[in-house]
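>>> here is my input; please provide its structure:
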Amino acid sequence: MKLTRIYSVIFLAGLSLLLAGCLPVKQPSPLASSLSPEPTTEAVTPEPAEETPIPEAAMEPEAEATPDKTDEELIKEAFIREHPDWDLTQMDFTVRENTGEFATGSVGPKGGGPGGGMFFAANTTAGWVIAWDGNGTIECSDIEPYSFPTSMIPECYNSLTQEVMVR
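Residues are numbered from 1 along each chain as shown. Next comes the predicted model:
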């Protein structure tokens with residue numbers, strides 16, 4: 001999840017530079033200008049920019065529930081990607097609310113017992129991702145990229161300002 005955010009930031013930074021016109025423009029050499037006493041009227045075109053690599057996950061189509069896989073199964077797959085050491089066959093997994101774009105629920109040991117917690121998932125163009133899971137305070141920076149509805153997450157903790165933020 002954090003690697004996806006890093007790729008997104010790199011991609012957006014490259015896009016911003018491209019749109020701002022900060023890419024290098026091919027300039028005539030000083031020797032060429034000394035050979036030609038009159039200014040040239042040729043248009044200067046920017047060199048093609050290097051393409052920013054797109055993360056493999058972003059190239060996948062948006063995850064949609066299919067007859068073969070439900071949203072719940074796709075969210076479980078997102079958990080497996082996020083926590084490959086977890087054995088979800090030994091856990092109770094419940095989706096409590098699913099809007100198609102956002103979901104929340106809980107995961108914990110089968111039959112109850114210690115451990116477990118809640119989760120918030122977002123359906124992105126790369127498929128379902130786990131934005132946050134655990135117990136306790138929800139970090140604002142974890143959920144901000146996804147624009148969860150405030151009815152689902154009414155507040156979060158901003159570790160930079162050390163304040164609980166009402167959303």
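
>>> which SS class is the closest residue to residue 167 other than its chain neighbours?
Nearest-residue entry for residue 167: residue 150, 4.7 Å, with adjacent residues in sequence omitted and distances by CB to CB, 6 or more residues apart in numbering. To be clear about C-beta, it is placed using only N, CA and C from the backbone, and glycine gets the same treatment. For residue 150, the secondary structure call by DSSP: H, G, I helix; E, B strand; the rest coil comes out as coil.

>>> residue 150 - how many residues pack around it?
10 (other CB atoms under 10 Å).

>>> phi, psi of it?
phi -70, psi -20 (degrees, to the nearest 10).

>>> residues touching residue 143, list them.
Residue 143 makes contact with 120, 131, 132, 153, 156, according to CB atoms under 8 Å, 6 or more residues apart in numbering.

>>> may I have the secondary structure class of it?
helix.

>>> I figured residue 108 hits residue 133, correct?
No: the criterion here is CB atoms under 8 Å, and residue 108 misses it with residue 133 at 11.0 Å.

>>> thinking again about what came up before, gap between the residue nearest to residue 167 and residue 141?
The span separating residue 150 from residue 141 equals 17 Å under the rule CB to CB, to the nearest Å.

>>> quick one: buried residues of the helix or strand containing residue 75?
Element membership for residue 75 (DSSP states H and E) is helix 71-82. Within helix 71-82, the residues that qualify as buried by neighbour count (16 or more other CB atoms under 10 Å) are 71, 72, 74, 75, 76, 78, 79.
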